[in-house]
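Colleague: Compute the structure for the input listed below.
(one chain, ligands or ions: 1)
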Amino acid sequence: MTFQELTQSIYINGSWEPIDTDQVETIYNPATLEEITKVAYGGADETKRAIKAATDAFPLWSEMTGRERGKVLYKAHELMMERVDYLAEVLTTEQGKPLAEAKGEVTSAAQFLLWYAEEASRAYGEVIPSATKGKRMLVIPQPVGVVGAITPWNFPSSMITRKLGPALAAGCTAVLKPAPETPLSAIEIFKIFAEAGMPKGVINLVTGDAKAIGQTLLESKDVKMITFTGSTAVGKYLMRESANHVKKISLELGGHAPIIVYDDADIDKATSMSLASKFRNNGQTCVCANRIYVHENIIDEFTTMLKEKVNKLKVGSGLDANSDIGPLINEQAIAKVKSQLEDAASKGGEIVTGGNAIEGAGHFFEPTIVAGATDEMVMMNEETFGPLMPIQTFTDEDAVIAKANDTDYGLAAYVFTENLSKAVRTAERLEYGLVGVNEIALAAPEAPFGGIKQSGVGKEGGHHGMDEFLEKKYVAIGIDEK
Ligand code: ADP
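Modeller: All right, here's what the predicted structure looks like:
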């Protein structure tokens with residue numbers, strides 16, 4: 001796949017802006033470290049103009065019917081599905097994940113558009129029976145206004161449609177800032193929206209200086225809501241700064257997901273799913289397993305089976321059809337995995353398999369299992385965002401649930417057991433926004449995805465996801481009763 005040397009990446013009021021060649025950012029392929037292209041490096045000025053365009057477009061878009069807005073989303077979904085192979089290749093080239101995973105992500109991105117195309121017609125209000133006579137009470141959902149959306153590099157496609165789908169369905173207009181590492185998927189999605197007939201100004205794209213773009217979104221009174229997926233540190237900053245204008249916020253932040261495997265689990269299923277949870281996107285997902293607690297009675301069988309499966313994984317360029325695991329996003333990601341591994345080794349952790357960076361151009365690291373993990377190890381407390389799987393044993397249900405909950409994060413947790421009562425008890429007691437029971441695939445357009453504690457506020461997906469973009473206006477009507 002070849003790109004032009006310069007790729008237009010700032011889209012304001014329905015037009016792609018020319019690039020100032022002094023203000024560019026280079027995009028690299030993480031599998032080869034080769035330059036893919038350069039995109040525009042925008043800042044405050046572009047963001048202000050984008051906010052103005054979104055503000056001007058708001059009356060038109062918000063006053064269209066849900067069915068009319070849904071038609072544009074539906075068309076965009078169709079175009080995405082028609083171009084799934086091309087979009088997957090773009091995604092893999094800039095982000096690294098294997099093509100099959102990229103195709104899965106693009107399909108899921110399109111599914112968000114499809115689901116919210118349908119949901120656009122279903123922003124129901126309420127009629128409340130008044131306690132006193134002479135009054136009628138209505139609740140009317142109305143779009144919050146202009147939304148500032150900031151997305152991460154680990155899902156360059158689906159994080160965009162998971163935010164823009166419900167925002168647009170609700171009648172909001174938006175300014176999107178994609179991650180600097182992965183703007184190319186965002187550009188392709190915006191081309192598709194334009195082709196699908198999105199009126200000008202409804203969505204605007206600004207790549208460039210994250211701080212300047214973020215600050216401009218935060219400082220503008222016209223931006224009524226910030227929706228963000230990324231690190232807890234940046235999420236906290238956005239939350240603090242949103243207080244100045246009391247903006248609405250929806251934040252999907254970091255996680256530190258535990259997997260609990262009881263001794264009555266189906267070990268074949270538990271090992272396959274633990275592996276999929278940990279190594280999907282090379283461990284670079286906020287819901288991926290960060291620590292595994294395995295009952296002492298099955299530790300040998302579990303570890304042996306897991307090791308066998310992990311050893312079959314092929315690491316390589318995501319564009320190579322044989323690769324199961326692609327590169328990490330950058331050098332810092334490799335350094336973090338190495339440092340967590342060194343810390344674990346110094347505290348008695350035993351490497352069952354893997355443990356090394358792979359020589360070559362890209363940021364490759366072997367899928368790694370560490371047995372004998374202790375609570376003091378950094379990887380048992382801090383997000384790894386890499387292919388490192390620590391295992392600790394347990395014997396007691398209460399104790400393992402307490403350990404699983406002993407973190408400031410609260411995004412996703414998983415439990416494997418064939419005992420229904422134990423599954424329900426554990427799911428109810430895990431302090432997480434998402435719990436998988438004998439299941440690791442949690443995100444779906446129709447379901448509410450979101451963390452608690454320091455993993456975030458708000459939900460994405462389902463009617464709950466669209467609710468975030470709707471104010472509930474209460475209208476009291478005084479009438480003369482006969
Ligand atoms: P990660 O470590 O996964 O890259 P970040 O939170 O740094 O997580 O990045 C997620 C998104 O937030 C990216 O689009 C990034 O450019 C953006 N971002 C980072 N810092 C800021 C900031 N100060 N203001 C607004 N957006 C920011």
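
Colleague: what comes up buried for stretch 355-375?
Modeller: Neighbour counts over stretch 355-375 (16 or more other CB atoms under 10 Å) mark 355, 362-373 as buried. Where you see a C-beta, it was placed from the backbone N, CA and C, and this is true even at glycine.

Colleague: So which of those sit within helices?
Modeller: Among those, no member falls in helices (DSSP state H).

Colleague: what's the most distant pair in these?
Modeller: The widest separation within the buried residues of stretch 355-375, taken as CB to CB, falls between Gly362 and Gly372 and amounts to 30.5 Å.

Colleague: Let me see the contact set for Gly208.
Modeller: For Gly208, the contact set (CB atoms under 8 Å, 6 or more residues apart in numbering) comprises Ile10, Gln23, Glu25, Ala40, Tyr41, Gly42, Gly43, Glu46, Pro180.

Colleague: Restricting to those, which residues neighbour the ligand?
Modeller: The residues of the contacts of Gly208 that also fall near the ligand, by CB under 6 Å from any ligand atom, are Pro180.

Colleague: List only those of the contacts of Gly208 flagged as buried.
Modeller: Ile10, Glu25, Ala40, Tyr41, Gly42, Gly43, Glu46.

Colleague: Distance of the third one relative to Phe469?
Modeller: What it means is Ala40. Per CB to CB, to the nearest Å, Ala40 is found 28 Å from Phe469.

Colleague: Spell out which helix or strand contains Val106, please.
Modeller: Assigning secondary structure by DSSP states H and E places Val106 in helix 99-119.

Colleague: for Asp375, same thing?
Modeller: Applying DSSP H and E, one finds Asp375 in no helix or strand.

Colleague: need the contact list for the spatially closest residue to it that is not a sequence neighbour.
Modeller: The shortest distance from Asp375 to any non-neighbouring residue, by CB to CB, 6 or more residues apart in numbering, is to Lys403 (7.3 Å). Neighbouring residues of Lys403 by CB under 8 Å, 6+ apart: Pro258, Tyr293, Asp375, Phe394.

Colleague: show me which of those residues neighbour the ligand.
Modeller: Within these, nothing lies near the ligand by CB under 6 Å from any ligand atom.

Colleague: wait, is the residue nearest to Asp375 part of a helix?
Modeller: Yes: secondary structure of Lys403, determined by DSSP: H, G, I helix; E, B strand; the rest coil: located in a helix.

Colleague: Could you check how far it is from the ligand?
Modeller: 26 Å (CB to the nearest ligand atom, to the nearest Å).

Colleague: Would you quantify the distance from that residue to Ala413?
Modeller: From Lys403 over to Ala413 (counting by CB to CB), the distance is 11 Å.

Colleague: anything in contact with each of the two?
Modeller: Joint contacts of Lys403 and Ala413 (CB under 8 Å, 6+ apart) are Pro258.

Colleague: re the thing from before, show me which pair in the contacts of Gly208 is furthest apart.
Modeller: Glu46 and Pro180 (14.2 Å).

Colleague: quick one: low-confidence ranges for the chain?
Modeller: Across the chain, nothing is flagged by pLDDT under 70.

Colleague: now the helices: where do they sit in it?
Modeller: Under DSSP H, the chain gives helices at 44-63, 66-82, 84-95, 99-119, 158-170, 183-195, 210-219, 232-242, 267-279, 299-311, 331-346, 397-405, 420-429, 462-467.

Colleague: need the contact list for the nearest residue to Ser108 once chain neighbours are set aside.
Modeller: If the residues on either side of it in the chain are set aside, Ser108 comes closest to Ser158, at 5.0 Å by CB to CB, 6+ apart. By CB under 8 Å, 6+ apart, Ser158 lies in contact with Glu105, Val106, Ser108, Ala109, Phe112, Ala443.

Colleague: Check Met305 too.
Modeller: So Met305 contacts Ile267, Asp268, Thr271 (CB under 8 Å, 6+ apart).

Colleague: Mind giving me the PyMOL select for those residues, buried ones only?
Modeller: Buried subset of these, written as a PyMOL selection, criterion 16+ other CB under 10 Å:
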select buried, resi 267+271
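
Colleague: Get me the contact residues on this structure for the ligand.
Modeller: Counting by CB under 6 Å from any ligand atom, the chain sits next to the ligand at 150-152, 177, 179-180, 210-211, 214, 230-231, 234, 237.

Colleague: Many thanks, have a good one.
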